[in-house]
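# Fold the following.
(chains A and B)
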Amino acid sequence: MRSPMSRVIPRLAAGLAVAAGALLALPAHAQAPSCPVKVGGILPLTGSMAPITKKISQAAELGFEHINQGGGIKGCPVQFVLRDDQGQPTVGVDAAKYLVEVERVAAFTGTISSGVTGPIIAAVTAPSKVVQISCCSTASGFTDGRSGGYFFRTLPTSKTQAYATASEISRRGYKKIAVIYVNTDFGTDMLRFFRQAAGKLGTDIAAEVAYNDNQPSYRAEVTRALAAKPESLLLIGFPKDAVTIVREWLSLGGPNKVALNNSMRTMDFVNGVGARFVEDFFGMDNAQVAGPHVDAFNNAFQAKWGTDSKGPGVHTQYDAVMVLGLAMNIARDLTGPSIREAVRKVHTPGGTPVGTGPAEYKKALELIKAGKPIKYYGATGPVEFDVNGDVTGPALVWKITGGKIETDRIISIEDMQSLTKRVEN
Amino acid sequence: MIGLSSYLVFFVCVVLALSLLTLGLNLQWGSTGLFNAGVAGFYAIGGYTHAILTAAPAPQYLGNFGLPWIVGVVGAMAVTALAALLIGLLTIRLRGDFLAIATFGIAILIQLVTLNLEPLTGGSQGLTRIAKPMSSVFSDPLSYNLFYLGLMAVVVGGVYLALERILASPWGRVLRAIREDETAAVALGKSAIRFRLEAFVLGSTLMGLAGAMYVGFIGFVSPFDFLPILTFQVWAMLIVGGSGNNRGALLGTLVVWAIWAASGIFVSKVVPPAHAAQGAAVQVILIGLVLVLMLLFRPRGLIGERPMVSRHLGR
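Numbering: from 1, shown residues only, chains lettered A, B, ... in the order given. Alright, predicted model coming up:
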């Protein structure tokens, strides 16, 4: 039986081949920068990440407002084209392809879930040579060179935190530690970097136990960790599950020497377990650098949106946008390779410091026009990318004392850098 | 102009990969009446098998054999067929919604295995550097995507013609007989279980092929590609297009995915970024609304099943 379709397909194929030939024959003419300059954005505005994305997209919006108030990009106003990835890889990749090919964005920022960022890098960013800066995707593999150097992110990766945790644990003299970690890219990265650092700093890892989130009980995981007779615990995960795990750990007789990651720096965790049980627990976080540039951002955010800027990804998203704005002004032209080179010149050693907000952006543009190097201090502190496109940052040790979360000490960027050298060499 | 064509080529490639899923489901549901709610699971097996066989070698992984693309595609189909056979032997006796629940559970199980079997699948980090066939020949993404589009069109066209052929054969008639009245088919001496199993394995193998084609196109795979929502998208595509009709399956895939993409473009054009969060919510409502309206006005799908009655009856 021959259906109409079987006659249509060869014709379609022939038509496509002709169209393809015509397309390839067209001369590839360079695009002169035309106003307005479009910059893309991809964020999960709906789906399971939507609750935290609202403030993140507001931070991005604020960033573009500051760029426009401070003089735009190469004399042009900037138009922000934001698309929703719905937390779905296929939707995110489609949106990225559309932004790059049809909207012709010069660069874009996004996204949050590593499961969406990964295919965007592989299918759009790397082959099309477009700069992408993410506020929030942590998977360690993204900056291993697969993007051709076009992918950057403004959040310190789990490496900073893992190394700092290992160093603090060794400083406190904890031996034989059990690690219970959440089975996501964040958890497995933390474990891998912690293992590497702990080995160099002389801490024995007695057991490594993975857990899947949102379970009613973690008795099996805790029992497995305790079977190795550890003297202390490192728990890497998120507060809701961590409350369950710590309760079971303590009730099964686990030692109360417990180290935690940044997510547990919340009173939900302290009150969830019960303040008197978590006395002297300590944890790590990326230090929130204080300073006028940080305050300026916080105040501007408060003034614009009527809510505080606390929350994951808010500061890093603002910096991702500002870095794009500055880099595109530094770049010779608005092609991917030029912008990629320029991103590294946003924080040049010995450059004139510039901060957040429209006035500082304007100052930066004047310096760039005069051919002088700049040194950007953003909402997350100094934004300097390493060879992989990652930022390092200072770390903060916090501890629970009398039912309150207190800052114990700060590990400065310089100390972090020497620690990194010690671990990696 | 080049930009728009470049995007459309990319878009059609994704549609063609997804349409293999819809064609597979159409064989199972449209022709045989098997309620497979585990589409994402078989898609994942195909995608991961392809990735493990063809990804560039990396010391931390057991797989990543770096084999040629075609080995990955054939391997993906073989492994998916085997998995579908095992799953089918266990579940094919279940009727209707019971089969749906079993296959739904199995798909979630498969997704969790890909998340946790880190030495093989890369866990939540995913696998990258997956072989792109002939990528060294084509310098820019557009010409490469055009090449892949041609490849994809040949594969989908071949699958479509083969499906049309076998569904018109006596084998296809038995499937429809089982769908309409299993007891009657058994009474005529047909082994319903065997035919159901054959349709299940063949349909699932197509889903495995879809996984390999999609992953080979994108060049990256992670467990987040196979969340249960994908199963429901494929069901929506089949029902909108017209269950029981292969052309309906193809058209439904195109229409539903176009609605998904176009509503996003539309919202980003009319809603300023400051209200993007609300706009995105409207987009989801739009998608739902269009799907519901389509079902209200075309309950049998855009191209419904062709009526099949014996030519002797018409006289």
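# alpha carbons only for contacts and neighbour counts from here, please
Fine.
# Helices of the stretch 51-200 of chain B, start to end?
Secondary structure of the stretch 51-200 of chain B (DSSP state H, counting those that start in this stretch): helices located at B:69-91, B:96-116, B:118-121, B:141-168, B:170-180, B:182-187, B:192-218.
# ranking the ones you listed by burial, who's on top?
helix B:192-218 (a mean of 26; mean count of other Cα atoms under 10 Å in any protein chain shown).
# and the closest residue to chain B within chain A, how many neighbours?
Nearest residue of chain A to chain B: residue A:101, at 4.3 Å (Cα to the nearest Cα). As a burial measure, residue A:101 scores 22 neighbours (other Cα atoms under 10 Å in any protein chain shown).
# right, and residue B:291 touches residue B:240 too?
Yes. The pair residue B:291 and residue B:240 passes the contact test of Cα atoms under 8 Å, sitting 7.3 Å apart.
# okay, those two: which has more neighbours?
Counted by other Cα under 10 Å, residue B:291 and residue B:240 do not tie: residue B:240 has more neighbours, with 27 against 17.
# sorry, back to before: who are the contact partners of the residue of chain A closest to chain B?
Shown in contact with residue A:101 (Cα atoms under 8 Å, 6 or more residues apart in numbering or on different chains): B:2-4, B:6-7.
# possible to save the helices of the stretch 51-200 of chain B as TSV with distance to chain A?
As requested, the helices of the stretch 51-200 of chain B are arranged in TSV below (distance: least, Cα to the nearest Cα, whole Å):
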stretch	distance to chain A
helix B:69-91	17
helix B:96-116	7
helix B:118-121	10
helix B:141-168	6
helix B:170-180	13
helix B:182-187	24
helix B:192-218	5
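# Which of the ones you listed has the lowest mean pLDDT?
Among the helices of the stretch 51-200 of chain B, helix B:118-121 carries the lowest mean pLDDT, at a mean of 90.
# contacting residues around that one?
With Cα under 8 Å, 6+ apart, helix B:118-121 has contacts from B:48, B:52, B:60-63, B:114-115, B:124, B:127.
# any idea which element residue A:71 lies in?
Assessed by DSSP states H and E, residue A:71 sits outside every helix and strand.
# gap between it and residue A:344?
21 Å (Cα to Cα, to the nearest Å).
# So which of the two has more stuff around it?
Just comparing residue A:71 and residue A:344: by other Cα under 10 Å the higher neighbour count belongs to residue A:71, 21 against 18.
# measure the spatially closest residue to that one that is not a sequence neighbour to residue A:352 for me?
Nearest in space to residue A:71, with sequence neighbours left out and distances taken as Cα to Cα, 6 or more residues apart in numbering or on different chains, is residue A:362 at 6.2 Å. Noted for residue A:362: a distance of 13 Å to residue A:352, by Cα to Cα.
# more crowded one of these two?
Set residue A:362 next to residue A:352 and count neighbours by other Cα under 10 Å: residue A:362 wins out with 19 against 15.
# Wait, that one touches residue A:70, no?
Yes. The criterion here is Cα under 8 Å, and residue A:362 meets it with residue A:70 at 4.5 Å.
# Tell me which of the contacts of residue A:101 has the lowest pLDDT.
Checking pLDDT across the contacts of residue A:101, the minimum falls on residue B:2 at 81.
# Please give the number of neighbouring residues around that one.
What residue B:2 shows, counting by other Cα under 10 Å, is a neighbour count of 14.
# What of residue A:144?
13.
# Identify the residues contacting residue B:259.
residue B:287.
# Roughly how far does it sit from chain A?
Applying Cα to the nearest Cα, to the nearest Å, the value for residue B:259 to chain A is 11 Å.
# what does stretch A:398-412 contact?
Against stretch A:398-412 from outside (Cα under 8 Å, 6+ apart): A:164, A:265-267, A:270-271, A:275-276, A:278-285, A:287, A:393-397.
# Kindly report the domain assignment for chain A.
Listed by automatic domain parsing, the domain ranges of chain A are A:37-155+A:291-382, A:158-280+A:394-424.
# Show the contacting residues for the most centrally placed residue in chain A.
In chain A, the residue lying closest to the centroid (Cα atoms, centre = their mean) is residue A:136, at 2.9 Å. Applying Cα under 8 Å, 6+ apart to residue A:136 gives the contacts A:110-113, A:153-155, A:313, A:316-317.
# Residue B:276 sits in which helix or strand?
helix B:276-297.
# What residues of that helix count as buried?
Residues of helix B:276-297 classed as buried: B:276-277, B:279-284, B:286-287, B:291, B:294-295 (neighbour count, 16 or more other Cα atoms under 10 Å in any protein chain shown).
# And for stretch A:414-425?
Buried residues in stretch A:414-425, counted by 16+ other Cα under 10 Å: A:416, A:419-420, A:423.
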